[in-house]
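[1] could you look at this predicted model? Sequence included:
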Amino acid sequence: MRIKKELVEKIASEIVRNLLEKELILWDDRPEKLKAIVNDIIIEDLMVEDRLNEEVKLLLESKTKDYERSMMDFGRVFQMVKAKLARERGLIL
């Protein structure tokens, strides 16, 4: 995850504050509970790319010798595979 936890918490806080102040949602519980929910949603979304990166690394590690033999650039292949998987899964990175 490229964004610090503290920044995610601040973003979640601002989102909740704006939603409640502008009365864009109805929320009868404590605002802190909604902030925690929004925070978890943001973190989960940010973790999608991290999980995809790990999956691509594992996939390519099994094929590394093939890429070394053909002299392909691992970084370029990594980005190509990552982009393909993201497209296939409908992920927005």
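    Here it is on my side, so go on. These numbers come from a predicted model, not from an experiment. Numbers count the residues shown, from 1 in each chain.

[2] in this protein, which helix or strand is least confident?
    Across the helices and strands of the chain, mean pLDDT, DSSP states H and E gives its lowest value to helix 64-70, namely a mean of 63.

[3] name the helices or strands packed onto whichever helix or strand comes after that helix?
    Going down the chain from helix 64-70, the next helix or strand is helix 74-89, by DSSP states H and E. For helix 74-89, the packing partners by 3 or more C-beta pairs under 8 Å, 6 or more residues apart in numbering; DSSP states H and E come out as helix 31-61, helix 64-70. All C-beta atoms are positioned from the backbone trio N, CA, C, and that covers glycine.

[4] again, only this time at 7 Å
    helix 31-61 (3 or more C-beta pairs under 7 Å, 6 or more residues apart in numbering; DSSP states H and E).

[5] give me the distance between the helix it packs on and the centre of its chain.
    4 Å (C-alpha atoms, centre = their mean, to the nearest Å).

[6] can you list the buried residues in it?
    Across helix 31-61, burial judged by 16 or more other C-beta atoms under 10 Å covers 34-35, 38-39, 42, 49, 52, 56, 60.

[7] can you redo these as CSV with distance to K22?
    Output for the buried residues of helix 31-61, formatted as CSV (distance: C-beta to C-beta, whole Å):
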residue, distance to K22
L34, 14
K35, 16
V38, 15
N39, 20
I42, 19
E49, 30
L52, 34
V56, 40
L60, 46
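
[8] which one of the residues you listed is nearest I11?
    Nearest to I11 among those, counting by C-beta to C-beta, is I42 at 6.4 Å.

[9] next up, the contacts around the closest one.
    8, 11-12 (C-beta atoms under 7 Å, 6 or more residues apart in numbering).

[10] much appreciated, bye for now.
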